[in-house]
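Student: next one to model:
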Amino acid sequence: MIAFSLNNSNSEASQNQPHTSTTFLEIIHHPHSNQQTEFIFRDLPIPPPSEDYSRPQSNSTGKPWAPFRTRSDFEFAELVVQSAMKGSTVKRLLKGIRHDWTEPGSTKITFQNKVDFQKSMAAARKFNTQEDSISATFEGIKKTFDFHFRDPWKWLLHLVTDPTLASSIIYYPVKKILHENGTSTRLYDEINSGQTWWDIQDQMPYLPDLPHCFLPLHLWMDKGKVSTTSNMHPILLRAGFLPQAIRNGSGNGGGVIDPSDPEDRTATEKTVFGLFKREVYHKILKKIFHSLELRSQEGEAVKCGDEIHRVLFPGIAVHSLDGEEAYATCAARGASADYPCPCCLIHKSQLHNLTGNFPFRTSREMQKVYKKAIAARTKAEAEEVLKKKGLHKVLNAFWSIANSDPYHASSYDLLHADDLGKWGKHLFVLLKVVSGSMKKKGDYSQNMDKIPRWPGLKHFSSITTLEFSDGQSYFDALKCVLPCIVQLFPLDSPLIHCIHAYSCFRMLAGLHAMTEIQLERMLKYLEKYQYCCSKLETMYGKDFNFPKQHTPHDGLIRLGEHLHYDITHKGATNNYTTRVGEGFQQEVQQAYLQTNFKNVEAQMTRIDEDQEAIASIRMAVDAYDLELQSQIEEGTENKPAFRNFHKNLIGYLRETFSEDIIDGTPLKITPYRCLYIHYKSQEDWNICQDIIRCSPSFHGQPRYDCIIINTEPVTYACICFLFTCHLDLSTSHDMALIQLLRPTKWRPKTPWETCQVYGEQDYRFLLLRYIEGLYYLNDLIDADMFLRCGN
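Tutor: Below you'll find the predicted structure:
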């Protein structure tokens with residue numbers, strides 16, 4: 001695909017490429033950006049990868065590894081940081097390199113000792129860690145909590161003034177409209193495509209010579225164990241104004257971690273302690289985000305990395321939190337409260353109700369409740385006011401940060417709400433219980449073991465005996481489960497219909513680019529899912545009145561509005577899933593193990609600074625290397641040999657290539673066991689890669705993958721043999737032997753909506769023995785396949 005501006009009709013692209021496609025993407029930039037509308041046409045050829053934000057941009061004139069004296073010094077420091085070496089190990093290594101293991105002057109590493117190394121690391125760090133403390137009283141005892149953090153505003157300044165990030169920073173929101181076959185629908189992907197950023201930018205002053213821009217921030221935090229006896233609460237900020245590839249990384253432009261530990265390990269969990277925890281949370285957050293408060297309201301003028309002066313208004317627009325942390329940031333009472341949802345006012349007895357009207361909480365309304373509780377004459381009266389709204393009497397730290405409503409920022413999390421919630425802890429468990437009562441657990445497990453392996457899809461050999469702790473395993477099981485159980489259950493099984501409706505909802509909810517048409521389809525599947533849940537409640541006594549079943553709305557639209565709101569206002573769900581943040585828990589644990597277990601917060605913050613500094617320098621070094629390489633290759637012709645992949649044998653060679661081949665002529669065959677396929681994703685139109693396997697023994701098991709052939713209509717087949725056919729020294733053709741799969745009239749006992757079953761047909765190109773069999777078309781394997789199969 002190629003993009004061009006509306007007023008750029010004389011461009012080379014528009015002159016040389018006819019735009020005949022009925023499918024194109026219209027990108028409307030916010031009026032404050034002064035940018036013209038762009039169009040992206042699907043029928044234009046795919047350009048080669050450009051030097052965008054995925055490729056580091058060089059900003060170095062000679063020594064990108066500075067402040068290290070030599071590149072060898074930097075690479076040694078990189079090894080130390082990435083390997084999580086302790087100080088004693090570094091000391092021994094340098095002693096060996098400088099004195100014991102090498103001849104004097106024979107090493108390029110200039111570090112004399114550990115102290116010398118630490119001086120260079122200190123020079124590479126960009127931020128100074130601050131230490132602060134807060135106090136709170138619990139059961140008459142005053143408790144003090146010390147914590148270390150980095151000033152978020154200084155971190156933001158580092159990002160927006162960095163010339164290497166200047167071309168990647170998104171300063172304005174957009175509206176994306178997908179035009180397809182005469183219909184138009186809005187499309188949501190990145191955070192800047194959502195309505196929240198657009199509405200906030202509308203409120204900004206418009207001065208053509210001095211742009212005023214909103215900078216959305218993304219907050220993640222979660223409690224995690226760093227040892228058998230210690231918990232920590234890392235707080236991670238990401239720049240929502242940078243593309244996902246950058247903000248979710250650990251290099252330049254990635255998140256910044258502020259470890260803190262507001263955990264009282266001796267008190268029991270109860271309402272009074274819940275209040276205490278919320279108070280501690282918000283006092284700490286108030287200190288950490290203090291530098292953003294005034295700037296979020298009045299802005300601050302900054303000369304950015306592209307040499308343009310802008311007035312910047314930071315705000316925390318997106319929260320990625322699990323249930324416990326969402327309750328904390330919203331100062332809500334928790335799952336057992338009368339009104340347990342941190343985002344809306346639904347009574348606990350209605351959590352199963354996906355179609356009711358339950359208004360959203362707002363900062364303005366919750367502040368009124370807080371002030372009313374403060375003004376109450378008695379403690380009991382205040383408690384009654386708060387209980388009716390499921391709120392604690394806590395001054396919320398986010399109320400003083402403009403455009404940072406915590407109830408709207410708190411986002412739907414597929415990992416905890418679905419993979420570890422509706423499916424993982426409920427439907428998956430119910431399926432095991434029901435299959436066990438029918439004495440079908442063994443058949444269920446055997447069928448799952450027969451599922452063909454696929455890249456990125458976990459294989460399950462004993463599904464009924466395994467216990468998972470990660471959401472991805474549950475999600476992978478969901479993708480495979482329907483064909484494995486449909487014949488084990490009675491005719492027209494409500495459980496089959498429920499799992500199918502939920503599977504389709506989950507696949508659509510996880511799309512990285514979502515249209516309003518797909519949103520409507522997702523909500524219809526959710527309606528069907530709720531109907532099936534009521535059937536299961538009657539049939540099996542399953543209680544669906546649990547918090548993660550709840551998908552609340554704002555009382556203005558309808559079913560699933562919480563998720564609908566998040567997608568339309570903050571972009572696709574991958575922008576705020578906690579799945580990315582969970583990986584940081586491992587980094588926190590590794591950092592903890594590097595400390596001497598005394599004053600760990602300061603040491604862990606320094607370790608994170610070291611990792612960030614090394615990653616930033618590595619990007620600069622890589623960009624420097626690419627620039628040198630391009631200079632070496634400049635002026636030389638690049639003539640890569642591209643081969644066509646054909647699927648024909650000797651007879652077809654004659655017809656297609658007019659090859660003069662005599663029957664019986666020996667052909668040289670070079671076999672292969674895998675094929676790398678690059679294709680344009682139906683989900684978000686990015687270029688993706690699949691590895692097609694064709695092997696008699698792949699990890700000890702036969703592996704012959706199925707493929708989609710790009711015909712009209714599409715054809716499905718199984719790869720049987722991959723090879724190159726060499727006709728002579730100068731002519732060769734890459735080919736595949738395939739077995740076609742055709743739709744059959746056979747149907748399972750409970751055919752779900754869009755159920756398709758394919759049978760094995762004849763082999764193409766060779767007269768081989770016909771092998772009979774049936775295949776389910778699994779359209780849940782990934783989002784791209786889900787869309788290609790007509791969903």
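Student: quick one: neighbours of Asp622, just the number.
Tutor: Counted with other Cβ atoms under 10 Å, residues neighbouring Asp622 total 15. Where C-beta positions appear, they are placed from N, C-alpha and C, glycine not excepted.
Student: what helix or strand does it sit in?
Tutor: Take DSSP states H and E as the rule and Asp622 turns out to sit in helix 600-633.
Student: in that helix, what's buried?
Tutor: 600-621, 623-624 (16 or more other Cβ atoms under 10 Å).
Student: ranges for the helices of the stretch 251-400 of the chain?
Tutor: Secondary structure of the stretch 251-400 of the chain (DSSP state H, counting those that start in this stretch): helices at 271-288, 290-298, 323-329, 363-375, 379-387.
Student: pull the fourth one out as PDB, backbone CA atoms only.
Tutor: Just to be clear, that refers to helix 363-375. Listed next in PDB are the C-alpha coordinates belonging to helix 363-375 (Å, rounded to 0.1, in the frame of the first residue of the first chain):
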ATOM      1  CA  SER A 363     -14.100  12.100  38.000                       C
ATOM      2  CA  ARG A 364     -16.600  14.900  38.500                       C
ATOM      3  CA  GLU A 365     -19.300  12.600  40.000                       C
ATOM      4  CA  MET A 366     -16.800  10.700  42.200                       C
ATOM      5  CA  GLN A 367     -15.400  13.900  43.500                       C
ATOM      6  CA  LYS A 368     -18.900  14.900  44.500                       C
ATOM      7  CA  VAL A 369     -19.300  11.600  46.400                       C
ATOM      8  CA  TYR A 370     -15.900  12.100  48.100                       C
ATOM      9  CA  LYS A 371     -16.800  15.600  49.200                       C
ATOM     10  CA  LYS A 372     -20.200  14.500  50.500                       C
ATOM     11  CA  ALA A 373     -18.500  11.800  52.500                       C
ATOM     12  CA  ILE A 374     -16.000  14.300  53.900                       C
ATOM     13  CA  ALA A 375     -18.800  16.600  54.900                       C
END
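Student: any idea how far Lys119 is from Ala77?
Tutor: Distance from Lys119 to Ala77, counting by Cβ to Cβ, to the nearest Å: 11 Å.
Student: ok, Asn396 touching Pro342?
Tutor: No - counting by Cβ atoms under 8 Å, Asn396 sits too far from Pro342 to count as a contact (11.3 Å).
Student: quick check: neighbours shared by these two?
Tutor: By the contact definition Cβ atoms under 8 Å, 6 or more residues apart in numbering, Asn396 and Pro342 are jointly contacted by Cys330.
Student: ok, these two, which is more surrounded?
Tutor: Pro342 (28 against 25).
Student: got the contact list for the closest residue to that one other than its chain neighbours?
Tutor: The shortest distance from Pro342 to any non-neighbouring residue, by Cβ to Cβ, 6 or more residues apart in numbering, is to Cys330 (3.8 Å). Counting by Cβ under 8 Å, 6+ apart, Cys330 makes contact with 342-343, 361, 396, 406-407, 410.
Student: same question, Ile781
Tutor: Contacts of Ile781 (Cβ under 8 Å, 6+ apart): 454, 457, 479.
Student: of those residues, closest to Ser168?
Tutor: Leu457 (32.0 Å; Cβ to Cβ).
Student: please identify the helix or strand for the spatially closest residue to the closest one that is not a sequence neighbour.
Tutor: The spatial neighbour of Leu457 that comes closest, neighbours along the chain excluded (Cβ to Cβ, 6+ apart), is Asp476 at 5.5 Å. Using DSSP H and E, Asp476 sits within helix 471-485.
Student: quick one: low-confidence parts of the stretch 151-300 of the chain?
Tutor: 249-271 (pLDDT under 70).
Student: now the strands for it?
Tutor: 174-180, 183-188, 212-221, 224-225, 231-239, 256-260, 300-303 (DSSP state E, counting those that start in this stretch).
Student: partner strands of the shortest one, with direction?
Tutor: Sheet pairing of strand 224-225 (DSSP bridges) gives strand 231-239 (antiparallel).
Student: over to the longest one?
Tutor: Strand partners for strand 212-221, identified by DSSP bridges, are recorded as strand 231-239 (antiparallel), strand 309-320 (parallel).
Student: ok so, going back, TSV for the contacts of Ile781, including pLDDT and distance to Met232?
Tutor: Formatted as TSV, the contacts of Ile781 follow (pLDDT from 0 to 100; distance: Cβ to Cβ, whole Å):
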residue	pLDDT	distance to Met232
Trp454	88	37
Leu457	90	33
Lys479	94	34
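Student: picking up where we left off before, what's the following helix or strand after the helix holding Asp476?
Tutor: With DSSP H and E, the next secondary element past helix 471-485 is helix 494-509.
Student: what sits up against that next one?
Tutor: 414, 418-419, 422-423, 427, 430-431, 434, 475, 478-479, 481-482, 485-486, 489, 514, 518, 521-522, 525-526, 528-529, 532-533, 535-536, 539-540, 563, 573, 750, 752-753, 780, 783, 786, 791.
Student: please flag which of those sit within helices.
Tutor: Mapping the contacts of helix 494-509 onto helices (DSSP state H) picks out 414, 430-431, 434, 475, 478-479, 481-482, 485, 518, 521-522, 525-526, 528-529, 532-533, 535-536, 539-540, 563, 783, 786.
Student: can you flag the buried ones in those?
Tutor: With neighbours counted using 16+ other Cβ under 10 Å, those contain these buried positions: 414, 430-431, 434, 475, 478-479, 481-482, 485, 518, 522, 525-526, 528-529, 532-533, 536, 563, 783, 786.
Student: and the gap between the spatially most central residue of the chain and Glu381?
Tutor: Closest residue to the average C-alpha location of the chain: Asn574 at 4.0 Å, with Cα atoms, centre = their mean. Separation of Asn574 from Glu381 (Cβ to Cβ): 45 Å.
Student: so in terms of bridging, what pairs with Leu457?
Tutor: Here Leu457, judged by DSSP bridges, has bridge partners Trp454.
Student: from Ala477, how far out is it?
Tutor: Counting by Cβ to Cβ - Leu457 and Ala477 are separated by 10 Å.
Student: which of the two has more neighbours?
Tutor: Ranked by neighbour count (other Cβ under 10 Å), Leu457 and Ala477 place Ala477 first, with 23 against 18.
Student: please identify which helix or strand holds Asn39.
Tutor: Careful, residue 39 is Phe; it's not Asn. Phe39 belongs to strand 38-41, assigned by DSSP H and E.
Student: list of residues touching the helix or strand following that strand?
Tutor: Going down the chain from strand 38-41, the next helix or strand is helix 71-82, by DSSP H and E. Helix 71-82 is touched from outside by 65, 68, 85, 90, 93, 107-111, 117, 120-121, 124, 610-611, 614, 617-618, 621, with contacts defined as Cβ under 8 Å, 6+ apart.
Student: let's have the strands of the stretch 151-300 of the chain in JSON lines, adding distance to Ile567.
Tutor: Shown next, in JSON lines, are those (distance: least, Cβ to Cβ, whole Å):
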{"stretch": "strand 174-180", "distance to Ile567": "13"}
{"stretch": "strand 183-188", "distance to Ile567": "5"}
{"stretch": "strand 212-221", "distance to Ile567": "16"}
{"stretch": "strand 224-225", "distance to Ile567": "28"}
{"stretch": "strand 231-239", "distance to Ile567": "19"}
{"stretch": "strand 256-260", "distance to Ile567": "27"}
{"stretch": "strand 300-303", "distance to Ile567": "31"}
